[in-house]
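Participant: got a predicted structure plus its sequence, pasted below:
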Amino acid sequence: MTTYMERLAQVSRKNESLLCVGLDPELHRLPEHLRGLPSHEAILAFNKELIDATCDLVAAYKPNLAFYEALGPEGMESLRATVRHVPNGVPVIADAKRGDIDNTMRLYATAVFDVYGFDAVTASPYLGRDALLPFLDRADRGTYILCRTSNPGAADIAELDVGGEPLYLRVAERVPTWTSHANIGLVVGATAPTQLARVRAVAPVVPILLPGVGAQGGDLEASVAAGLDQTGDGLLVVVARQVMYASSGLRFAEDARTAAREIRDRINAARVTAVDALRGR
């Protein structure tokens, strides 16, 4: 059995990439020539062209389920078709942020992994270990736990003092101990590089999913330096709008490819600089 983390590492090496492209289509931002289609057909056509144009430049894709749920059953069918269109081997992460009691989470796990075919999922830690076990017990799939997110209000809860440490550090320390399958990661935003560095210090080998670069204003180079592990890996940088909406005309997929390549190369350059610094060069 090949695990999610193994598949991710294989694609990352093959494509020389730590880039995860978000697939979060907004109807009003789609290219003009697609807007005449029914909504669910338009987003599927858009996603397929984006995937075809970028699949050799990415380490993974990450659709946020809300963009598909808002379109009803047809939107969810477009989501499933999107996942199926991704070339075999390239991981797809469900940005679902699930969190509920264990019997409900079992059904969420079935839906995300078996019905829709995702390789990994995002989830909340706040119902505790037993609630997450239906995800974590799937040794071949990955789960990224919300730790210190990228939104402006993240500090309202994540920075609360818990015995002299902020809550997000307690999450980073404790959550990785909840499974022995090496299939767990943390979601930490690029908009908080100081907190990202603190998470990496207490969770040195835990994979980090890093949203917040690009439209949300996170500093790519600072985040890569703060988030890489000691081997120069362990980080997946999420970019959505900069790639998806690089342009809005007939060439949108070609321009998305150019944007994805430029971002991948920036990540790789920052990675080299950070690894050299780690090695004292």
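Facilitator: Cool, got the structure. Numbers count the residues shown, from 1 in each chain.
Participant: the residue nearest to residue 126 when sequence neighbours are not counted: what's it in contact with?
Facilitator: The shortest distance from residue 126 to any non-neighbouring residue, by CB to CB, 6 or more residues apart in numbering, is to residue 99 (6.3 Å). C-beta coordinates here come from the backbone N, C-alpha and C atoms, glycine included. By CB atoms under 8 Å, 6 or more residues apart in numbering, residue 99 lies in contact with 105, 123-127, 131.
Participant: how about the strands in the stretch 1-150 of the chain?
Facilitator: Counting by DSSP state E, counting those that start in this stretch, one finds strands in the stretch 1-150 of the chain at the ranges 19-22, 60-62, 93-98, 120-123, 142-148.
Participant: for those strands, which one ends up most surrounded?
Facilitator: Of those, the one with the most neighbours on average (mean count of other CB atoms under 10 Å) is strand 120-123, at a mean of 28.
Participant: packing partners of that strand?
Facilitator: Counting contacts by 3 or more CB pairs under 8 Å, 6 or more residues apart in numbering; DSSP states H and E, strand 120-123 is packed against strand 93-98, helix 129-136, strand 142-148.
Participant: okay, now residue 32: neighbour count?
Facilitator: Neighbour count for residue 32, taken as other CB atoms under 10 Å: 10.
Participant: got the confidence number for it?
Facilitator: Per-residue pLDDT puts residue 32 at 93.
Participant: likewise residue 281?
Facilitator: For residue 281, pLDDT reads 55.
Participant: if I've got this straight, residue 247 is in a strand?
Facilitator: No. Assignment of residue 247 by DSSP: H, G, I helix; E, B strand; the rest coil gives coil, placing it outside any strand.
Participant: leaving out sequence neighbours, find the closest residue to it.
Facilitator: residue 255 is the one closest to residue 247 (CB to CB, 6+ apart), at 3.9 Å.
Participant: and residue 192, by the same measure?
Facilitator: Spatial nearest neighbour of residue 192, chain neighbours left out: residue 148 (5.8 Å); criterion: CB to CB, 6+ apart.
Participant: for this structure, just list every one of the helices.
Facilitator: Secondary structure of the chain (DSSP state H): helices at 4-15, 39-54, 66-69, 72-85, 102-109, 129-136, 155-158, 167-174, 193-202, 220-227, 241-244, 252-278.
Participant: pairing partners for residue 143 in the sheet, please.
Facilitator: residue 121, residue 184 (DSSP bridges).
Participant: which sections of the stretch 1-150 of the chain are below the confidence cut-off?
Facilitator: Along the stretch 1-150 of the chain, no part satisfies pLDDT under 70.
Participant: next, the contact list for the closest residue to residue 277 other than its chain neighbours, please.
Facilitator: Nearest non-adjacent residue to residue 277, counting by CB to CB, 6+ apart: residue 225, 7.2 Å away. Residues near residue 225 by CB under 8 Å, 6+ apart: 270, 273-274, 277.
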